[in-house]
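> How does the following fold in three dimensions:
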Amino acid sequence: MTDANLTDQNLTPAIEIYTDGACRGNPGPGGWGALLIAGKHRKEMHGGEPETTNNRMELTAAIEALNALKDPSGVILYTDSKYVMDGINKWMPNWKARGWKTAAKKPVKNKDLWQALDEAVGRHEIDWRWVKGHDGNPGNEKADDLANVGIDQMEVRKS
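Down below sits the predicted model:
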């Protein structure tokens with residue numbers, strides 16, 4: 001999809017979203033973060049869970065960010081997760097065709113989150129872009145910071 005497709009008449013102009021997940025131990029305490037940018041406007045989001053995995057937090061970041069958009073939107077979504085990128089671009093169509101089973105006929109891991117992401121994606125036109133994590137990309141670095149804030153705040157609340 002080209003950027004031109006992201007500004008169709010029925011969609012809000014392109015919104016940039018940077019997402020990241022983090023885990024201290026895997027599994028362990030985890031957090032997710034998202035930075036949404038629309039023109040001059042920025043929105044920062046984060047959350048955490050006491051016992052989770054990095055993959056679940058990566059998925060949650062994308063789901064929460066997309067669900068925060070009030071209207072159908074053109075989105076450029078940046079993630080440093082190959083798991084999310086491969087899942088959305090390669091694996092999900094086959095999982096759905098097989099009733100959420102892998103090629104080995106086993107249940108898809110994190111099925112609940114993949115289904116929630118599938119629903120969230122259906123409301124928007126998304127250009128998925130992979131960025132290398134911890135490589136100086138300001139949006140990705142901010143999303144990583146927010147994911148760690150999610151862990152920190154969750155841990156303070158439970159103590």
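> CA atoms for contacts and neighbours, from now on please.
Will do.
> Which strand or helix spans the most centrally placed residue in the chain?
Geometric centre of the chain, nearest residue: Ala62, 1.8 Å, by Cα atoms, centre = their mean. Here Ala62 sits within helix 54-67, counting by DSSP states H and E.
> I'd like the average pLDDT over that helix.
When pLDDT is averaged along helix 54-67, the result is 98.
> Quick check: what element follows that helix along the chain?
From helix 54-67, the next helix or strand downstream (DSSP H and E) is strand 73-79.
> Which strands border that following strand, and is each parallel or antiparallel?
Note on strand 73-79: by DSSP bridges, its sheet partners are strand 12-23 (parallel), strand 125-130 (parallel).
> Low-confidence regions, the protein specifically.
Scanning the chain for pLDDT under 70 picks out the ranges 1-13, 158-159.
> remind me, longest helix of the chain?
helix 138-158 (DSSP state H).
> my read: the residue nearest to the centre of the chain touches Leu117, true?
Yes. In this structure Ala62 lies within contact range of Leu117 using Cα atoms under 8 Å: 7.2 Å.
> tally of neighbours for Leu69?
Leu69 has 16 neighbours, counted by other Cα atoms under 10 Å.
> Please apply the same query to Glu44.
Neighbour tally, Glu44, other Cα under 10 Å: 15.
> Lovely, talk soon.
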